[in-house]
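In: kindly generate the corresponding structure for this input.
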Amino acid sequence: MKIQILQQLEGAKQAKGLAVIIDVFRAFTTECFFIANGAKEIFAVGDEKIAYALKKEHPDYILAGERKEVMLPGFDYGNSPAKIEKIDFTNKTIVHTTSAGTQGIANASYAEEIITGSFVNASAIAQYINQKNPKVVSLVCMGKAAISPTEEDTFCAEYIQSLLLKQNYPLMEKLASLRHLEGKRFFNPENQEQCPERDFFIATTPNQFNFVLKAVSDKRGFHRIQKI
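Out: This next block holds a predicted model:
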């Protein structure tokens, strides 16, 4: 098994084999909570126009997402796991678009299989990869707005890689350091509406879920995220 760690949008475009598109803060942390709270599927879309079009076709769909961390106009939710962690989404369909994570899914066109990545289900991801035993694993760190690297996504990729290689990794030390790195924005009093402090603690609590989220392209080319 060849494991490669790639970065941002260009990394997604280069991803091959089984691609893990990683967005810890916060797209794929949030998607785990949607699914854990009963959502039957998520459409992960890159273009916000597609999100609005899907909502027009299906008024019962729920719109979630952001640009520059701010909830998009007319959306039901932003991209905060804290804002949805206790909401029942049983049998609901979510349309999710973000600045980084969903952009990676939309651009990983050469990957044979796409799953999402975050700390909250990292162990399940590693177990799934071991079961599939692909020739190539591409761990894609989406970073900030898919254009600059961030520590949390790189740490998550390194952690998953360490699980696959059965190597020790200073996980708790790395997670704690994030509070003073990219995670600083969650502790800014002026930023609590779009980036509440609780988001940081949710996203950096590893292995809360034992499922994997897989992106499957439908007949129209839309990526549906489903639990496996």
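In: please, where are all the helices along this structure?
Out: Using DSSP state H, the helices of the chain run over 8-14, 27-36, 48-57, 81-84, 101-107, 122-132, 151-165, 171-177, 197-203.
In: nearest to Lys227, of those helices?
Out: Ranking these by proximity to Lys227 (C-beta to C-beta) places helix 27-36 first, at 5.0 Å. Using the backbone N, CA and C atoms, a C-beta is placed for each residue, glycine as well.
In: rewinding a little: can you say which of the helices of the chain is nearest to Met1?
Out: With C-beta to C-beta as the criterion, Met1 lies closest to helix 151-165 of the helices of the chain, at 7.0 Å.
In: on contacts alone, who are the packing partners of the closest one?
Out: Secondary-structure packing of helix 151-165 (3 or more C-beta pairs under 8 Å, 6 or more residues apart in numbering; DSSP states H and E): strand 2-7, strand 18-22, strand 113-117, helix 122-132, strand 136-141, helix 171-177.
In: give me that answer again for 10 Å
Out: Applying 3 or more C-beta pairs under 10 Å, 6 or more residues apart in numbering; DSSP states H and E, one finds that helix 151-165 makes contact with strand 2-7, strand 18-22, helix 27-36, strand 113-117, helix 122-132, strand 136-141, helix 171-177, helix 197-203.
In: will you turn the ones you listed into JSON lines that also has mean pLDDT?
Out: Converted to JSON lines, the helices and strands packed on helix 151-165 look like this (pLDDT from 0 to 100):
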{"stretch": "strand 2-7", "mean pLDDT": "98"}
{"stretch": "strand 18-22", "mean pLDDT": "98"}
{"stretch": "helix 27-36", "mean pLDDT": "98"}
{"stretch": "strand 113-117", "mean pLDDT": "98"}
{"stretch": "helix 122-132", "mean pLDDT": "98"}
{"stretch": "strand 136-141", "mean pLDDT": "98"}
{"stretch": "helix 171-177", "mean pLDDT": "98"}
{"stretch": "helix 197-203", "mean pLDDT": "98"}
